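In: Give me a model of this one.
(chains A and B)
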There are 2 protein chains.
Amino acid sequence: MSDATERGPRRGDPETLLERSVAGDRGALARLLSFVEGGGERSRAVARLSYRVAPPYVVGITGAPGAGKSTLVDQMVEVARRGWPATSARDAAPAAGPEAVDQVAVLAIDPTSPFSGGAILGDRARMQRHATDSSIFIRSMATRGHLGGLSLAVPDAIRVIGASGIPLALVETVGVGQVEVEVAAASDTTVVVVTPGWGDSLQAAKAGLLEVADLFVINKADRPGAAEAAQDLRQMLALGGEREWMPPILDTVATTGQGVEGLWAAVAGHRAHLEGSGLLTERRGERVEQELRRVLGALLGERLDRLASSEEYRRAIEDLRSGRVDPYEVADNLLGSS
Amino acid sequence: MSDATERGPRRGDPETLLERSVAGDRGALARLLSFVEGGGERSRAVARLSYRVAPPYVVGITGAPGAGKSTLVDQMVEVARRGWPATSARDAAPAAGPEAVDQVAVLAIDPTSPFSGGAILGDRARMQRHATDSSIFIRSMATRGHLGGLSLAVPDAIRVIGASGIPLALVETVGVGQVEVEVAAASDTTVVVVTPGWGDSLQAAKAGLLEVADLFVINKADRPGAAEAAQDLRQMLALGGEREWMPPILDTVATTGQGVEGLWAAVAGHRAHLEGSGLLTERRGERVEQELRRVLGALLGERLDRLASSEEYRRAIEDLRSGRVDPYEVADNLLGSS
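Out: Numbering: from 1, shown residues only, chains lettered A, B, ... in the order given. Here you go, the predicted structure:
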């Protein structure tokens, strides 16, 4: 790999791009993430290079549309760059001193993109704010075309960020159905953002939110109803019974930055809890096992698609339609010879 | 197969049971359907025997809980047994005379059963009503354990009914989410049952209902709001634009039987449309192709499960957790050697 940069024709290959990304070339990182989005062999090559390096610390931020997640994430980036605060480490974590966060990546996952064909989260506008600052990398992510959709593209993208030497990734998504669960599964700390008066609209999602949240944020906390929203959340949490980690509930006003330092300190507290209890290592192990299951499922799905476009399959369909054979017989034959 | 009934030890095998079912033994049919429910090799053996015989005509009945579907289905059974009415055959169908329906099967699909472990639709109570009538077969169906869940168990059960010589199957299910779509996919004619005042509660499901409905029934039409419900449906249909088959909207009062003959005539009209236009053959061909895809997916899923319980897999997980390998490499290795 040492001489890869000298090979002109291979400048766009994953290895070279990753070297350039590690050296701080944000264009190279963007291209690697495009490979991941696009799926296929090139995506796999990128992922394989990235998996040997430890992942970044991943904070997932999810919540209903209009909750102010993007603004909150922008503020978190500013605060996070001052480093991890020292924590009281009540869970026997080593009392780590302030730890540098020299680079931050923001991944804005657009769950609508497989259908609309484009990111809607306005990362261009957001990019401009940080355009002159190469220590911040912001990227909207569509997942159309990826082998396993969102559930594989996000973990792969996170690995690429880690392999590029960025120690912190904020993954932002609209909390709709399965997406928030998948982003939470890829995150070390999951922040669920609600707003005053959220109760009715998210009634149905309450159970799901409770499951994924490590921290709750009531954003727009200067509006009426913030105290009631906090009370609602406390009741929900109480109903869930005892738990090893009780999610704190924090107030923020993302537009002014109010409460964001407190939020970042709470994220650090959760991280200290995970590290101190050994949960961080354990969960990351479980996560990579889940990823293996998804990769296996996706590869088998690819085999199925290849099979379905074969001449043998076309003939089998004819036999099937005519009633000469049954689907189980055809399936056995097709899989036996694949 | 001719001497199968003489073999004492094989009396419970699928071939023998199917012969007995064809001869009118409802206990044998019930056992075959239990095999289908239970999944596994025996389920597959039953399905394979059944697929060479033409399927019954399948009428799916779906709608919200409490819409009166069970009562309506019971009434439809009574009317259907008088035979298919002659239709005007406006779609160039041959003007078929009254056609006998000597036997009817009712499948009540309980979508909650994979979790609760039992059917809740009270088929025992319903069975008693028809207990002395061997031309009517009623069965609640759970789908726990079946290879491909509901989406394979229902088509397989329908095939078993057809192979037993029963020409008509009414498949009843609560219209919740994916289940109604899957039952509709297995049906020749899909009846969506609503009630006066249904509008608000099913707002969200409207688009889905429109897609699957060949006929709408407003049951409990003696209650206030029936005309408004019909008007709502007409507007929904009008918004959907031109279509080859415009679903009729019928009023019934299942508890008294009012309107059920009209409903049955409308089912016959839809059947004549399908037969006259060639759509029946075409759709059944597409359906068996879909079933092949599901069988292939399920078989590959089984392979994945077998793989996941192997010693090789356990070792791969250890390597994965330690970071020595990446999921893509592991997946390639596992699938290559499976």
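In: relative to helix B:279-308, how tilted is the longest helix along chain A?
Out: As assigned by DSSP state H, the longest helix anywhere in chain A is helix A:279-308. Put simply, helix A:279-308 runs at 140 degrees to helix B:279-308, going by axes from the mean of the first three to the mean of the last three C-alpha atoms, to 10 degrees.
In: tell me the mean pLDDT for helix A:279-308?
Out: Helix A:279-308 carries an average pLDDT of 86.
In: any residue of it up close to chain B?
Out: Yes - for helix A:279-308, a contact with chain B is found by C-beta under 8 Å from any C-beta of the partner chain, at A:285, A:288-289, A:291-297, A:299-301, A:303-304, A:307-308. Using the backbone N, CA and C atoms, a C-beta is placed for each residue, glycine as well.
In: List the buried residues of stretch A:58-76.
Out: For stretch A:58-76, burial by neighbour count (16 or more other C-beta atoms under 10 Å in any protein chain shown) applies to A:58-64, A:67-76.
In: Can you point out the buried residues in the longest helix of chain A?
Out: In helix A:279-308, counting by 16+ other C-beta under 10 Å, buried: A:279-280, A:284-285, A:287-289, A:291-300, A:304, A:307-308.
In: Which strands and helices lie in contact with it?
Out: Packing partners of helix A:279-308 (3 or more C-beta pairs under 8 Å, 6 or more residues apart in numbering or on different chains; DSSP states H and E): helix A:150-163, helix A:178-186, helix A:260-277, helix B:279-308, helix B:311-322, helix B:327-336.
In: do you know how far residue A:307 is from residue B:316?
Out: The gap separating residue A:307 from residue B:316 is 25 Å, by C-beta to C-beta, to the nearest Å.
In: For chain A, which element, helix or strand, carries the lowest mean pLDDT?
Out: helix A:113-116 (a mean of 36; mean pLDDT, DSSP states H and E).
In: Narrow the buried residues of stretch A:58-76 to those in helices?
Out: Per DSSP H, those map to helices at A:69-76.
In: Which member of those is positioned nearest chain B?
Out: Closest approach to chain B among those (C-beta to the nearest C-beta): residue A:69, at 24.5 Å.
In: what about that closest one, distance to residue B:304?
Out: With C-beta to C-beta as the criterion, residue A:69 and residue B:304 are 35 Å apart.
In: Which of the three states applies to residue A:108?
Out: strand (DSSP: H, G, I helix; E, B strand; the rest coil).
In: bridging residues for it?
Out: residue A:140, residue A:172 (DSSP bridges).
In: gap between it and chain B?
Out: Using C-beta to the nearest C-beta, to the nearest Å, residue A:108 is found at 24 Å from chain B.
In: residues near that residue, how many?
Out: 23 (other C-beta atoms under 10 Å in any protein chain shown).
In: Pull up the per-residue confidence for it.
Out: pLDDT at residue A:108 comes out at 88.
In: Stretch A:214-225: how far from the chain's middle?
Out: 23 Å (C-alpha atoms, centre = their mean, to the nearest Å).
In: Phi, psi for the residue in the stretch 51-200 of chain A that chain B sits nearest to please.
Out: Nearest residue of the stretch 51-200 of chain A to chain B: residue A:51, at 3.2 Å (C-beta to the nearest C-beta). When read as degrees, to the nearest 10, the backbone of residue A:51 gives phi -80, psi -20.
In: so what's it up against?
Out: By C-beta atoms under 8 Å, 6 or more residues apart in numbering or on different chains, the residues touching residue A:51 are A:159, A:288, B:323, B:325-328.
In: let's go with 6 Å and repeat that
Out: A:159, B:326 (C-beta atoms under 6 Å, 6 or more residues apart in numbering or on different chains).
In: Give me the pLDDT value at it.
Out: Per-residue pLDDT puts residue A:51 at 86.
In: for residue A:206, same thing?
Out: For residue A:206, pLDDT reads 56.
In: Check the gap between the closest residue to residue A:22 other than its chain neighbours and residue A:24 for me.
Out: When the adjacent residues along the chain are set aside, residue A:22 lies closest to residue A:165, with 5.2 Å between them (C-beta to C-beta, 6 or more residues apart in numbering or on different chains). Residue A:165 sits at a distance of 8 Å from residue A:24 (criterion: C-beta to C-beta).
In: quick check, nearest of the ones in helices among the buried residues of stretch A:58-76 to residue A:265?
Out: residue A:76 (11.4 Å; C-beta to C-beta).
In: Show me what the helix or strand containing residue A:45 is packed up against.
Out: Using DSSP states H and E, residue A:45 falls within helix A:40-50. The contact analysis (3 or more C-beta pairs under 6 Å, 6 or more residues apart in numbering or on different chains; DSSP states H and E) places helix A:40-50 against helix A:14-22, helix A:26-38, helix A:150-163, helix B:327-336.
In: Against residue A:222, how distant is residue A:249?
Out: In this view, residue A:249 and residue A:222 are 16 Å apart by C-beta to C-beta.
In: should've said residue A:162
Out: For residue A:162 relative to residue A:222 (C-beta to C-beta), the value is 36 Å.
In: who's more crowded, those two?
Out: When residue A:162 and residue A:222 are compared for neighbours, residue A:162 comes out ahead with 21 against 14, by other C-beta under 10 Å.
In: how close does that one get to residue B:195?
Out: Counting by C-beta to C-beta - residue A:162 and residue B:195 are separated by 55 Å.
In: Over to residue A:209?
Out: Residue A:209 sits at a distance of 33 Å from residue B:195 (criterion: C-beta to C-beta).
In: Kindly report the same for residue A:305.
Out: Relative to residue B:195, residue A:305 is positioned 43 Å away (C-beta to C-beta).
In: again with residue A:30
Out: Plainly put, residue A:30 is 55 Å away from residue B:195 if you go by C-beta to C-beta.
In: Between the two, point out the one with more neighbours.
Out: Neighbour totals were compared for residue A:30 and residue B:195, and residue B:195 leads with 21 against 13 (other C-beta under 10 Å).
In: Ramachandran coordinates for residue A:239?
Out: Per degrees, to the nearest 10, the backbone of residue A:239 is at phi -60, psi -30.
In: That one: how many residues sit nearby?
Out: 9.
In: OK, contacts around it?
Out: Neighbours of residue A:239 in contact, by C-beta under 6 Å, 6+ apart: none.
In: got it, and residue A:300?
Out: residue B:300.
In: Mind doing that once more with 10 Å?
Out: By C-beta atoms under 10 Å, 6 or more residues apart in numbering or on different chains, the contact set of residue A:300 is B:296-297, B:299-301, B:303-304, B:307, B:331, B:335, B:338.
In: Distance-wise, check residue A:276 relative to residue B:55.
Out: 61 Å.
In: Break chain A down into its structural domains.
Out: Per automatic domain parsing, the domain ranges recorded for chain A read A:53-102+A:167-277, A:295-336.
In: Residue A:61 is in contact with residue A:76, correct?
Out: Yes - if you go by C-beta atoms under 10 Å, residue A:76 and residue A:61 touch, sitting 7.7 Å apart.
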